[in-house]
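Participant: Got a predicted structure here, sequence first:
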Amino acid sequence: QLTLVESGGGLVQPGGSLRLSCSSPTDRLDDYNIGWFRQAPGKEREGVSYIANWSGKTMYADSVKGRFTISRDNAKNTVFLQMNNLKPEDTAVYYCAAVPYDQTIITMVRTARYWGQGTPVTVSA
């Protein structure tokens, strides 16, 4: 079973940046498509971004396009989510998970597996 660990969350002011990391102590992440998700208080979990394993295809939710960038560093066995120009509405717990093929940014939350424990992001002045 794939084990995923998120890190990099924290408190940041509006307009600031954070870089989240998703790594695995047990498996090669380049064998998996990886998605980033978030869940704000009182809201359902939603897909934020996705990166395919071999093709490197990426997808983004409309709410983060142009501000967030997903990437992978296979040498470090890590998938990153660079978040710029953060807004208070980005406040949530962020999770990474493995995503099957042929998903959209909307459907992948229902099919993702091997969830990490999450890392909290708070955007506040």
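Facilitator: Sure, I can see it.

Participant: Could you check how far the residue nearest the centre of the chain is from residue 50?
Facilitator: In the chain, the residue lying closest to the centroid (CA atoms, centre = their mean) is residue 36, at 2.2 Å. In this view, residue 36 and residue 50 are 7 Å apart by CB to CB, to the nearest Å. Glycine gets a C-beta too; all of them are placed from N, C-alpha and C.

Participant: So for the two, which residues contact both of them?
Facilitator: Shared contacts of residue 36 and residue 50, defined by CB atoms under 8 Å, 6 or more residues apart in numbering, comprise residue 70.

Participant: Which strands border the helix or strand hosting residue 79, and is each parallel or antiparallel?
Facilitator: Here residue 79 sits within strand 78-83, counting by DSSP states H and E. Next to strand 78-83 in the sheet, as set by DSSP bridges, lie strand 18-23 (antiparallel), strand 68-73 (antiparallel).

Participant: most neighbours per residue, which of these?
Facilitator: Comparing these by mean neighbour count (mean count of other CB atoms under 10 Å), strand 18-23 ranks first with a mean of 20.

Participant: And for it, what's in contact with it?
Facilitator: Contact with strand 18-23 is made by 4-10, 12, 29, 34, 36, 76-83, 86, 94, 96, 116, 119, 121, as judged by CB under 8 Å, 6+ apart.
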